[in-house]
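In: Next comes the sequence, and after it the predicted model I'd like to discuss.
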Amino acid sequence: MSRYRELDEIGRIQLSRSFYMRDFLFSEIGAAYAIPNLPDDLELAVLVGRELCQRILEPLQATFGRIHIRSGYRSARLNAFGNERGLNCSSNYRTFADHIWDRRDGAGRMGATACIVIPWFLEHHRADEWERLAWFLHDKIDYHRIVFFGRQAAANIGWREDPAREIMSHTAPRGRLTGPGMLNGWGDHSDQYPGFPEFRTPPPRALQPVAKSHGETPPHCIRLHPHRETVRDDCALAGSVASDRTSACDRIGVDA
């Protein structure tokens, strides 16, 4: 199968009622440096992409109207290239189960992240009022980690097994807003986001499975074979990681 055909078929895979894999495959790095952004493990990428879309992105779109996807999936090869050249990508090891959907993290957990902008929020609030949106998301969404950026109140928002439930920011006030061991995460925070729309959760939609076997499969159920390019395996770094308590920049690919 040609690279074009692979990309076309993968892009048609439905992740939720509104979202398809194609929505998450575009990469400025890939476009600028001609690096295909294709999963090595399509089954895992689709599995976690569906969790991200159905648990987080669909409810947000049902609540706020259209949301804008700034970035989503990154292949290990593309992310390593971006990290080595200072193109707003964290190391592969720290991006597994984050923007690199098709690799589990060092603890064996799977996850997925997308960088999003919510136009409704920008129409009704200033970008520097991001804490209002943060507390709304904290109260309503089954998230793992959220990282806010200054421009357009863009945020990395992710789903992961065994979620940490922490919110960080690269813009003022910088640092951790809430997280494990912080008492401010408990209770209701609705006084922080008056005037926000009623939270809505659309019903789930039955979706076609991705084939687990190699060989001939129908177009809606296709498996991507691993690429032959050499990809740096950052799993070797696992033993050298001293602590989970690193900076927000190190913990999350720096997107927005």
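Out: Happy to help now that I have it. Numbers count the residues shown, from 1 in each chain.
In: Nearest residue to the residue nearest the centre of the chain in space, ignoring adjacent ones along the chain?
Out: For the chain, residue 113 is the residue whose C-alpha lies nearest the centre (C-alpha atoms, centre = their mean; 1.1 Å). Of all residues beyond its chain neighbours, the one nearest residue 113 is residue 158 (3.4 Å), with distances taken as C-beta to C-beta, 6 or more residues apart in numbering. Glycine gets a C-beta too; all of them are placed from N, C-alpha and C.
In: Let's see the one helix or strand the one you found maps to as PDB, backbone CA atoms only.
Out: When elements are assigned from DSSP states H and E, residue 158 belongs to strand 155-160. Written as PDB, here are the backbone C-alpha positions of strand 155-160 (Å, rounded to 0.1, in the frame of the first residue of the first chain):
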ATOM      1  CA  ALA A 155      -4.400  24.100  26.300                       C
ATOM      2  CA  ASN A 156      -3.000  20.600  26.100                       C
ATOM      3  CA  ILE A 157      -5.700  18.400  27.500                       C
ATOM      4  CA  GLY A 158      -5.300  14.700  27.900                       C
ATOM      5  CA  TRP A 159      -6.800  11.400  28.900                       C
ATOM      6  CA  ARG A 160      -4.700   8.600  30.500                       C
END
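In: What strands line up against it, and which way round?
Out: Strand pairing for strand 155-160, using DSSP bridges, gives strand 111-117 (antiparallel), strand 145-148 (antiparallel).
In: related to what we said a few turns ago, show me the contacts for the residue nearest to residue 113.
Out: The contact partners of residue 158, by C-beta atoms under 8 Å, 6 or more residues apart in numbering, come to 52, 98, 111, 112, 113, 114, 143, 144, 145, 146.
In: So which of the residues you listed wins on neighbours?
Out: residue 113 (32 neighbours; other C-beta atoms under 10 Å).
In: if I look at that residue, how far off is residue 33?
Out: Distance, residue 113 to residue 33, using C-beta to C-beta, to the nearest Å: 22 Å.
In: Can you show me the strands along the stretch 151-256 of the chain?
Out: 155-160, 166-169, 175-178 (DSSP state E, counting those that start in this stretch).
In: among those, which is nearest residue 59?
Out: Closest to residue 59 of the strands of the stretch 151-256 of the chain is strand 155-160 (C-beta to C-beta; 11.3 Å).
In: In that closest one, which residues are buried?
Out: 155, 156, 157, 158, 159, 160 (16 or more other C-beta atoms under 10 Å).
In: ditto for stretch 76-95
Out: Residues of stretch 76-95 classed as buried by neighbour count (16+ other C-beta under 10 Å): 76-83, 87-95.
In: Also stretch 6-17?
Out: For stretch 6-17, the neighbour count (16+ other C-beta under 10 Å) marks 6, 7, 9, 10, 13, 14, 15, 16 as buried.
In: Equivalent analysis for stretch 171-190, please.
Out: 176, 177, 178, 185, 189.
In: Nearest to residue 64 among the residues you listed?
Out: residue 189 (17.4 Å).
In: name the element the closest residue to the closest one other than its chain neighbours belongs to?
Out: Ranked by C-beta to C-beta, 6+ apart and with sequence neighbours excluded, the top spatial neighbour of residue 189 is residue 135, at 4.0 Å. Applying DSSP H and E as the criterion places residue 135 in helix 130-140.
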